[in-house]
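S.K.: Predicted model, plus sequence, below.
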Amino acid sequence: MVQIPIIFEESKSGLQSFNCFVTENNGQLILIDGGIPHDAFFQYAEQMLMQRGYDFSDLDAIYLTHHHEDHVGLLPLILAKKQLPVYVHEEAIPRLLFDTNFLSMRIAFYEQFYTRMDCLADARPRLEKQRATLQKASEKRIEADYRVIAAGDKLGRFDIIGLPGHSTDSIGYYDAQTQELYAGDTILKNTSTNAIIDPLVTGEYMPANLLQRQSLETIKDMPIRHLYAGHQPSFSNVSEIATQKISRLNDKAQHLLTLLEQPMTGRQATQAFYNRLYERQFSLVLSEIAGQLDYLQQQQKITATFENGLYVFERNG
Ligand SMILES: [Zn+2]
């Protein structure tokens, strides 16, 4: 079977590399994920294909693990050469199309979320950026022949595995015969994966941390001989790495719990936990702490009280 890993190393990026994979399914040549929108990446991917006697026009389909921009970068270029079906989770579609109704809903969602987390003022630049994206939606949209797939579906040799948490639309492609999983960014060997707060298409809140934990448990318990990741090296000791990631999440939750001896808002808890990273990586660290606060509430370790339009979190007992 054709198996061409495209591992584009970038030491400057904390992600270390941007990965996508060419393989076969259903007698077709497929690309799993689409990398970053840079010429250097395109040339590298083209070179990797050429070494094996292929080029982009030989592809029959593209499968996405999720919609993030570092996984769909080459789609416009590839699809301009040849119209291909693009398989995605349904949550990916309004995001890839930069659907203006969806983007407007999402801005309203974040305004409410940041207000309740006591950080609307600090979120202004991010909300401005989202409004600018809404204005440029038509330039950014990626038109394609999208085919919706869902957890539990079968697609040739692959079972589709739901892996939400990093994004609402994260899915894995699992071959039960070879026990290989293409897992996107759900689990990375060397760094932790952000569980990003992002509304569902319905506008509903998605408890990213709780879902990320479930997805890590799913991966931990699956028979996997080899995991192909969206960044960094692929690996084989999957259960061990998944266990490490879960215990790291638990350690961080435990640390947050010790800080919540005094009642705090979401902003105060994030600042207490991350100090200056709160400003430098505002949306990521806020997502992480909001997610961990959901987890601590689910574990009945803390209580959230809604007063004067925002949440105050306090340790129980
Ligand atoms: Zn990624």
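M.R.: Cool, got the structure. Residues are numbered from 1 along each chain as shown.
S.K.: for this structure, which strand is longest?
M.R.: Among the elements of the chain assigned as strand by DSSP state E, the one spanning the most residues is strand 17-25.
S.K.: That one vs the ion: in contact?
M.R.: No - Strand 17-25 is not in contact with the ion by Cβ under 5 Å from the ion; minimum separation 7.3 Å. Bear in mind the C-beta positions are built from the backbone N, C-alpha and C, glycine included.
S.K.: and the chain, which of its residues are near the ion?
M.R.: Residues of the chain lying close to the ion (Cβ under 5 Å from the ion) are Asp70, Asp185, Gly230.
S.K.: In the sheet, which strands lie alongside the longest strand of the chain, parallel or antiparallel?
M.R.: Strand 17-25 has the following strand partners under DSSP bridges: strand 3-9 (antiparallel), strand 28-32 (antiparallel).
S.K.: Please enumerate the strands of the stretch 201-317 of the chain.
M.R.: According to DSSP state E, counting those that start in this stretch, the stretch 201-317 of the chain carries its strands in the segments 226-229, 302-307, 310-315.
S.K.: got the angle between the second one and strand 310-315?
M.R.: Calculated by axes from the mean of the first three to the mean of the last three Cα atoms, to 10 degrees, strand 302-307 forms an angle of 150 degrees with strand 310-315.
S.K.: what about strand 302-307, average pLDDT?
M.R.: Throughout strand 302-307, pLDDT has a mean value of 96.
S.K.: Just say which of the strands of the stretch 201-317 of the chain is most tucked in.
M.R.: Most buried of the strands of the stretch 201-317 of the chain by mean neighbour count (mean count of other Cβ atoms under 10 Å) is strand 226-229; its value is a mean of 22.
S.K.: List the contacts of the residue of the stretch 201-317 of the chain found nearest the ion.
M.R.: Taking Cβ to the ion as the measure, the stretch 201-317 of the chain has Gly230 as its residue closest to the ion, at 4.5 Å. Contacts here follow Cβ atoms under 8 Å, 6 or more residues apart in numbering; on that basis Gly230 touches Phe18, Asn19, Asp33, Thr65, Asp70, His71, Ala183, Gly184, Asp185, Leu188.
S.K.: and what of Ile32?
M.R.: Cys20, Phe21, Val22, Thr23, Ile62, Tyr63, Leu64, Thr65, Tyr173, Tyr182, Tyr228 are the contacts of Ile32 under Cβ under 8 Å, 6+ apart.
S.K.: circling back to that earlier point, kindly compare burial across the strands paired with strand 17-25 and name the winner.
M.R.: Ranked by mean neighbour count, the strands paired with strand 17-25 are led by strand 28-32 with a mean of 21 (mean count of other Cβ under 10 Å).
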